[in-house]
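Colleague: coords please:
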Amino acid sequence: MPDINSLGLSRTGIPLYYAGECDVAVIGAGHAGIEAALSSARLGLDTIIFTINLDSVGNMPCNPAIGGTGKGHLVREIDALGGEMARAADRAAIQYRMLNRGKGPAVHSLRAQCDRRKYQEIMKHTLELTDKLRLKQAEIIEVRAEDGKVCAVITANGAYYSAKAAIIATGTYLMGRTIVGEVLCDSGPDGLAAAKTLSDSLRDLGISLRRFKTGTPPRVKQKSVDFSQMAIQPGDEEIEPFSYETNPDELSNKRACYLTYTREETHNIIKANLDRSPIYAGVIEGIGPRYCPSIETKIMTFPDKPRHQLFVEPMGLNTEELYIQGFSSSMPEEVQVKMLHSVIGLENAEMMRTAYAIEYDCTDPTELHHTLESKKISGLYGAGQFNGSSGYEEAAAQGLVAGINAALKIKGEEEMVLLRSDGYIGTLIDDLVVKGTNEPYRMMTSRTEYRLILRQDNADERLCEIGHRVGLISDERLNSVREKYAAVEAEIERLTHTGAAPSKELDAYMESVGEPGIPNGAPLADLLRRPAVTYKGLEPFDRSRQPLARGVAEQVEIRIKYDGYIKRQRKQVEEYSRLEGKLLPEGLDYDLVTGLRIEAREKLKKARPKNFGEAGRISGVSPADIAALMVWLGNNPQRGL
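Modeller: Residues are numbered from 1 along each chain as shown. Model prediction:
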């Protein structure tokens, strides 16, 4: 406990008072902060989560949806590790769609339209009911450290909380500034207050900060929209939930989404007002997300494209607000109205919320370890948009990892580091802390080199063991996962040794899916390897089949169909593991290493990779540089230290 009589003043001049202590202080109650706080508290650490406004807990200031391409993988992995996002999304979902069904299972990604306020209500109540967790409305304006270690956090009202660790999960609030044309406001999302003082405190600790930008589209009133001119986008008939613990039979699609398009008139309005666009007028300083551009950026980047698709999505069951996906903008309000009314079906749309861009402070993630702890301040962790990422799912994944590792470190236990071969979360964090990012980072299936074995359908098999080791997955759940995959192996073995007898019916089925007949019969596993043949389709010819859970049957079909590809990718993982196992000496003096290019030398000196695998993934370090490093260390094992 600090000397209460010598606390002094806050950096804003407010007298400090001792408000108590905690193990972990989480700054921000968005998607990153929620997972960080819940994981820390569930692992037995006394945790406080601070938010500027309690009404913003779990807010979805942009799209009212969870999941999507690549992001759905993250949500399933969060669930497999013991996080909360998947369960909350299932409880708040009003429409489910599995994206990329026309492609292979490696890129199938679940997306759920959610009731925005329901999701917030669920998450806030979950925080309130969690043991060892306190939820407080307060702005943190300072993180204090002694001897390079976090020791306290301080609120704007002068409250001093002793803490062993602090997790920065500030989202877009940190020095937030919203932009609508010529109108600039110091603000967080949705008109909430920005965090204006914490940035200076972090800089004083030596944390590097920079400016990123994101944006959101307008919201319109449902009764003013002409849906007859739009294409309906219904949900899936067979629903797959996010959480492995959710019963799919209890889920239903409650609302539809719609597809519409911009017109040439839309594009002309934007081009005629480019001089008023903050993006092109130089008003916006922050770097925006390349994979989620504003509508004005789309028009200028693709001048020959006659139209752009927009999705009209409900914000919830008890609101008339609709979200116009793909129509993000920072144009002046009157220009936005003209743009909106030029879109098919939105000619008379009533704009309820104006689109805006928002700039915010974030850190350079290469200053973090793979545990998401700062390399400069012990006990200081970053998560979510503070680390340079974008998206709810990316934020939640990082929050979970930061919360787990903060708790494990305080408990003196082995910290959790997820590798690229473990899952999309491992890829996300490795990309951020090793490669860094010059724009808001968004997870996509193309980011991982191991897509076929890191599917969204097998996240439980890959990660529940890890979740159990750290303490977030129960014995009962882990045993259930083990039983599931034992059943998968048993069924594959049975299909391998069970034949389908030749028959006219079998030939007819094979021909119906574009395959030749089977005059002599064949093992069922061999038939299932054929592209268009399905496990369900073979049921009439499989006399010894017993009923299987849907998840088990899905795994059986995928494993048999892609067996050769999966084995090939596992060999790639073995090579990756070999490089990860080749450690680089701590304190290695790269200036002594001959054969390195100047760029590679500087990048290695800055990043200080732990092993050859990390070194090879640093932008600017070539395979030739890695070879030179290996040769030099082989010849000089004791030098450069």
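Colleague: for the stretch 451-600 of the chain, which spans come out with low pLDDT?
Modeller: The stretch 451-600 of the chain contains no residues with pLDDT under 70.
Colleague: does the closest residue to A349 other than its chain neighbours count as helix, strand or coil?
Modeller: Leaving aside its chain neighbours, A349 sits nearest to V220 (4.3 Å; criterion: C-beta to C-beta, 6 or more residues apart in numbering). Every C-beta, even on glycine, is put in place using the N, C-alpha and C of the backbone. At V220 the chain is in strand, as set by DSSP: H, G, I helix; E, B strand; the rest coil.
Colleague: how near is V220 to E237?
Modeller: 29 Å (C-beta to C-beta, to the nearest Å).
Colleague: between those two, which is the more surrounded one?
Modeller: V220 (24 against 7; other C-beta atoms under 10 Å).
Colleague: need the contact list for the residue nearest to A349.
Modeller: 321-322, 324, 340, 346, 349-352 (C-beta atoms under 8 Å, 6 or more residues apart in numbering).
Colleague: the spatially most central residue of the chain: which element?
Modeller: In the chain, the residue lying closest to the centroid (C-alpha atoms, centre = their mean) is E394, at 1.8 Å. Using DSSP states H and E, E394 falls within helix 392-411.
Colleague: quick one: list the elements packing against that helix.
Modeller: strand 17-27, helix 31-42, strand 65-67, helix 71-81, helix 85-92, strand 159-168, strand 380-382, helix 424-430 (3 or more C-beta pairs under 8 Å, 6 or more residues apart in numbering; DSSP states H and E).
Colleague: ok so, going back, among the contacts of V220, which one sits closest to T297?
Modeller: Using C-beta to C-beta, I324 is the member of those that lies nearest T297, at 15.8 Å.
Colleague: K610 against K582, yeah?
Modeller: No - the criterion here is C-beta atoms under 8 Å, and K610 misses it with K582 at 10.0 Å.
Colleague: distance of the residue nearest to A349 from H308?
Modeller: In this view, V220 and H308 are 17 Å apart by C-beta to C-beta.
Colleague: pLDDT weak spots in the stretch 301-450 of the chain?
Modeller: In the stretch 301-450 of the chain (pLDDT under 70), no residue qualifies.
Colleague: could you pull out the strands for it?
Modeller: Using DSSP state E, counting those that start in this stretch, the strands of the stretch 301-450 of the chain run over 309-314, 321-325, 351-353, 356-363, 380-382.
Colleague: out of these, which gets nearest to I492?
Modeller: The closest of those to I492 is strand 309-314. By C-beta to C-beta, the value is 39.3 Å.
Colleague: so what strands line up beside that closest one?
Modeller: Here strand 309-314 has these sheet partners by DSSP bridges: strand 257-261 (antiparallel), strand 321-325 (antiparallel).
Colleague: out of the ones you listed, which is the most enclosed?
Modeller: Across these, the average number of neighbours (mean count of other C-beta atoms under 10 Å) peaks for strand 321-325, which reaches a mean of 22.
Colleague: what about the closest residue to I66 other than its chain neighbours, how many residues nearby?
Modeller: Distances taken as C-beta to C-beta, 6+ apart place A89 nearest to I66, at 4.1 Å, with adjacent residues excluded. For A89, the neighbour count with other C-beta under 10 Å is 31.
Colleague: what's the spacing between A195 and S577?
Modeller: From A195 to S577 the distance is 41 Å (C-beta to C-beta).
Colleague: higher neighbour count, these two?
Modeller: Remark: of A195 and S577, A195 carries more neighbours, 23 against 12, as counted by other C-beta under 10 Å.
Colleague: can you verify my assumption that G215 contacts F327?
Modeller: No - here G215 lies out of contact with F327, judged by C-beta under 8 Å, at a distance of 10.0 Å.
Colleague: anything in contact with each of those two?
Modeller: Residues within reach of G215 and of F327 at once, by C-beta under 8 Å, 6+ apart, are A355.
Colleague: for A163, give the beta-bridge partners.
Modeller: C22.
Colleague: gap between it and V433?
Modeller: From A163 over to V433 (counting by C-beta to C-beta), the distance is 23 Å.
Colleague: ok, and what's touching stretch 566-586?
Modeller: 419-421, 449-450, 452-453, 559, 609-616, 629-630, 633, 640-641.
Colleague: can you pull the buried residues of it?
Modeller: Across stretch 566-586, burial judged by 16 or more other C-beta atoms under 10 Å covers 569, 573, 576, 579-580, 584.
Colleague: which SS class is A106?
Modeller: A106 is classified as helix under three-state DSSP.
Colleague: in contact with the nearest residue to it once chain neighbours are set aside, which residues?
Modeller: Distance criterion C-beta to C-beta, 6+ apart; nearest residue to A106, sequence neighbours excluded, is R451 at 4.1 Å. Contacts of R451 were listed using C-beta under 8 Å, 6+ apart, and they are 106-107, 445.
Colleague: can you show me the helices along the stretch 251-400 of the chain?
Modeller: Secondary structure of the stretch 251-400 of the chain (DSSP state H, counting those that start in this stretch): helices at 264-272, 278-281, 295-301, 333-341, 392-411.
Colleague: try the stretch 101-250 of the chain
Modeller: 116-129, 198-204.
Colleague: any stretches of the stretch 1-150 of the chain with poor pLDDT?
Modeller: 1-5.
Colleague: please redo it, this time with the cut-off set to 80
Modeller: Where the stretch 1-150 of the chain drops to pLDDT under 80, the residues are 1-6.
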